[in-house]
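[1] coordinates only, sequence not included:
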């Protein structure tokens, strides 16, 4: 038998610094991919993954060159 569970969700606030190029790129990407049925949590995870992949690529290029 399933038990009824209640969840206590907390509101979070995320501030992006649009003068910082990486934050601006992420906000621009999120605005392009925003849709009615897109979950904000999923959107944030995908944006952060892309941002991390770009950072890794830049670090590897610096180490190679």
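    Sure thing, it's come through. Quick caveat, the model's predicted, so the values are computed rather than measured.
[2] With residue 52 as the reference, measure out to the residue minimising distance to the centre of the chain.
    For the chain, the residue lying nearest the average C-alpha position, counting by C-alpha atoms, centre = their mean, turns out to be residue 44 (2.9 Å). Using C-beta to C-beta, to the nearest Å, one gets 12 Å for the distance from residue 44 to residue 52. Any C-beta I mention is one placed from the backbone N, CA and C, and that applies to glycine too.
[3] same check, this time on residue 65
    Noted for residue 65: a distance of 21 Å to residue 52, by C-beta to C-beta.
[4] Of those two, which one has the most company?
    Looking at residue 65 and residue 52 with other C-beta atoms under 10 Å, you find the greater number of neighbours at residue 52, namely 10 against 5.
[5] Tell me the secondary structure at the more buried one.
    Per DSSP: H, G, I helix; E, B strand; the rest coil, the secondary structure class of residue 52 is helix.
[6] From residue 11, how far off is it?
    Counting by C-beta to C-beta, the gap between residue 52 and residue 11 amounts to 25 Å.
[7] name the element residue 27 belongs to?
    Counting by DSSP states H and E, the secondary-structure element that holds residue 27 is helix 21-33.
[8] Name the residues that touch stretch 37-54?
    The set of residues that contact stretch 37-54 without belonging to it, under C-beta atoms under 8 Å, 6 or more residues apart in numbering, is 14, 22, 25, 26, 29, 30, 33, 34.
[9] in that stretch, what counts as buried?
    Within stretch 37-54, the residues scored as buried using 16 or more other C-beta atoms under 10 Å are 43, 47.
[10] cool, and stretch 15-33?
    Judged by neighbour count using 16+ other C-beta under 10 Å, the buried positions of stretch 15-33 are 26, 30.
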